[in-house]
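# Please work out how this folds:
(2 chains)
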Amino acid sequence: MAKAFCSMKRKELEAFLQDVDGFDKPKVLLEQYPTTPHIAACMLHTVASTFDDLAGKSVADLGVGCGILAIGAEMLGASYVLGIDIDEDALSVCANNLEEFEMTNVDLLKANVRHLARCSELASRLQGKFDTVVMNPPFGTKHNQGIDVDFLQTGLKLSSNALYSLHKSSTREHILKKAQSWGVEATVLAELRYNLDNTLKFHKKKSVDIDVDFIRLVHTQDSLHRQKDMLS
Amino acid sequence: MKLITHNMLTSNIIKGVTKGFPLIIAPTKVEVKEVDFNPDFVNKMLTKIDYPALYQAANSVGHGEGLPEQLGDDVKDNTDLLKALHNAMLQVEVIEGDLVCPESGRKFPIANGIPNMLLLENEVET
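Predicted coordinates:
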């Protein structure tokens, strides 16, 4: 069914994604902020229409959560999507969503993204197997300092080409500096406003707006060489 | 779990395991789900996967149909063969069962199609 949707407009995609179920009880420790249909549609439409990085591609989604990016990626023509998450409850919601949407190109894996980055043999098996990585990682601001950067590093290992991610705008300089030190090209594609309803208990206000950057990282000859060297 | 995913997994994340590949599949429930056939994608992934591991995995779950033991040079335009490879990589799914580490015997359960590769902190190589 995916093929029919390849030229789908952003608004149509967003309308479809409205029906993706979210977290039953978001977990504070895992920073389970839902990716809204609007943000998911903005990201994926850009990935597909501006960069042609979805149709016929192999795609990984790190911290897949309820699967909105994975489902959207398949709708826009991805041939194979692997969604990885540490949380059983999120994966179970995601599996139900995949069934509802009859998405058969998406596979799920329960694993710790931080462990995946560490081990060289595992990394060499996964390395470069994906054309494109999309993710909405934990911001790494609560109890998980540095997890946003770990997700980026793992994503870069998995990807042979481009990685798309969301990060708090307040961390932009830090992220761009990291990208530079890895030898990858980083571009801030858009600034988005993330409206968090009062879904997580520690939020005192009714809803909070967070500015996030939609970032694209692309491998260069230099960064690919460095990854090879690290493994040998 | 699709076999293309299996092809990328190892258990060498466990302390003391050196290679941990390919993981042995002990299936209790296998299904075949239809996925759109894209010959270009199959050709591209062939350059990235470990074919002997795919061949072994497909046979171990009873779906090695149409797969040769070794791939020749004539794959690219052989539609029947590409369809068989497409089937093995993307359509065959292990729904329930275990992945077993070939070195340590550690089992990773597959439930509802999702392999659980999470380890306890003390199992992980640091």
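# Check the gap between B:Asn38 and A:Lys177 for me.
39 Å (Cβ to Cβ, to the nearest Å). In this view, the C-beta of every residue, glycine as well, is placed from N, C-alpha and C.
# Pick out whichever of these two has more residues nearby.
B:Asn38 (21 against 10; other Cβ atoms under 10 Å in any protein chain shown).
# Okay, buried residues for the helix or strand containing A:Ser223 please.
Here A:Ser223, judged by DSSP states H and E, is contained in helix A:221-231. Buried residues in helix A:221-231, defined by neighbour count with 16 or more other Cβ atoms under 10 Å in any protein chain shown: A:Ser223, A:Leu224, A:Gln227.
# so does it get close to chain B?
No. Residues of helix A:221-231 are not located near chain B by Cβ under 8 Å from any Cβ of the partner chain, the shortest gap being 12.8 Å.
# Who are the packing partners of that helix?
Using 3 or more Cβ pairs under 8 Å, 6 or more residues apart in numbering or on different chains; DSSP states H and E, the elements in contact with helix A:221-231 are helix A:120-126, helix A:147-158.
# and A:Ala48, what is it in contact with?
Contacts for A:Ala48 (Cβ atoms under 8 Å, 6 or more residues apart in numbering or on different chains) come out as A:Cys6, A:Leu54, A:Ala55, A:Leu76, A:Gly77.
# Check B:Met1 too.
Applying Cβ under 8 Å, 6+ apart, the residues near B:Met1 are A:Asp107, A:Leu109, B:Glu93, B:Val94, B:Ile110, B:Gly113, B:Ile114, B:Pro115.
# From those, which land in helices?
Using DSSP state H, no member of the contacts of B:Met1 sits in helices.
# Quick check: A:Asp131 is in a strand.
Yes. Counting by DSSP: H, G, I helix; E, B strand; the rest coil, A:Asp131 is part of a strand.
# Neighbours of the closest residue to B:Leu71 other than its chain neighbours, how many?
Leaving aside its sequence neighbours, B:Leu71 sits nearest to B:Tyr51 (Cβ to Cβ, 6 or more residues apart in numbering or on different chains; 5.5 Å). Applying other Cβ under 10 Å, we find 16 residues neighbouring B:Tyr51.
# now B:Phe37
Other residues close to B:Phe37 by other Cβ under 10 Å number 15.
# One more: B:Gly66?
For B:Gly66, using other Cβ under 10 Å, the count is 13.
# helix, strand or coil for it?
Quick answer, by three-state DSSP: B:Gly66 is coil.
# on that earlier part again, closest to chain B out of the helices and strands packed on helix A:221-231?
Chain B lies closest to helix A:120-126 among those, at 4.2 Å (Cβ to the nearest Cβ).
# For residue 113, which residues are in contact?
If you meant another chain, say so; for now it's chain A. With Cβ under 8 Å, 6+ apart, A:Val113 has these contacts: A:Leu62, A:Gly63, A:Ile84, A:Ile86, A:Asp150, A:Phe151, A:Thr154.
# meant chain B, my bad for not saying
B:Gly113 touches A:Ala95, A:Asp107, A:Leu108, B:Met1, B:Glu93, B:Val94, B:Ile95, counting by Cβ under 8 Å, 6+ apart.
# same thing with A:Asp222?
With Cβ under 8 Å, 6+ apart, A:Asp222 has these contacts: A:Gly183.
# how near is it to chain B?
Applying Cβ to the nearest Cβ, to the nearest Å, the value for A:Asp222 to chain B is 22 Å.
# same check, this time on A:Leu224
Applying Cβ to the nearest Cβ to A:Leu224 and chain B gives a distance of 14 Å.
# where does that residue land on pLDDT?
pLDDT for A:Leu224: 83.
# how close does it get to A:Val218?
Taken as Cβ to Cβ, the span from A:Leu224 to A:Val218 is 11 Å.
# Over to A:Pro37?
A:Pro37 sits 26 Å away from A:Val218, going by Cβ to Cβ.
# And for A:Gly63?
In terms of Cβ to Cβ, A:Gly63 sits 21 Å off from A:Val218.
# between those two, which one's more packed in?
A:Gly63 (24 against 18).
# OK, contacts around that one?
Here A:Gly63 is in contact with A:Ile84, A:Asp85, A:Ile86, A:Val113, A:Met135, A:Asn136, A:Pro137, A:Pro138, A:Phe151 (criterion: Cβ under 8 Å, 6+ apart).
# Could you point out which of those is nearest to chain B?
Of all these, the one with the least separation from chain B (Cβ to the nearest Cβ) is A:Ile86, at 6.7 Å.
# what's the nearest residue to that closest one if we skip its chain neighbours?
A:Asn112 (5.2 Å).
# Got phi/psi on that neighbour?
phi -90, psi 110 (degrees, to the nearest 10).
# Now the most centrally placed residue in chain A. Nearest residue, chain neighbours left out?
The residue lying closest to the centre of chain A (Cα atoms, centre = their mean) is A:Met135, at 0.7 Å. Excluding the flanking residues, the one nearest A:Met135 by Cβ to Cβ, 6+ apart is A:Leu62, at 4.4 Å.
# All the strands of the chain, residue numbers only.
Answering for chain A, as no chain was given. A:58-62, A:80-85, A:106-110, A:130-135, A:159-168, A:185-197, A:207-218 (DSSP state E).
# Hmm, no, I was thinking of chain B.
So, for chain B - with DSSP E - the strands run B:24-32, B:92-100, B:107-111, B:114-115.
# ok, back up a step: tell me who's in contact with the residue nearest to A:Met135.
Taking Cβ under 8 Å, 6+ apart as the test, what A:Leu62 contacts is A:Ile84, A:Val113, A:Val133, A:Met135, A:Pro137, A:Phe151, A:Thr154, A:Gly155, A:Leu158.
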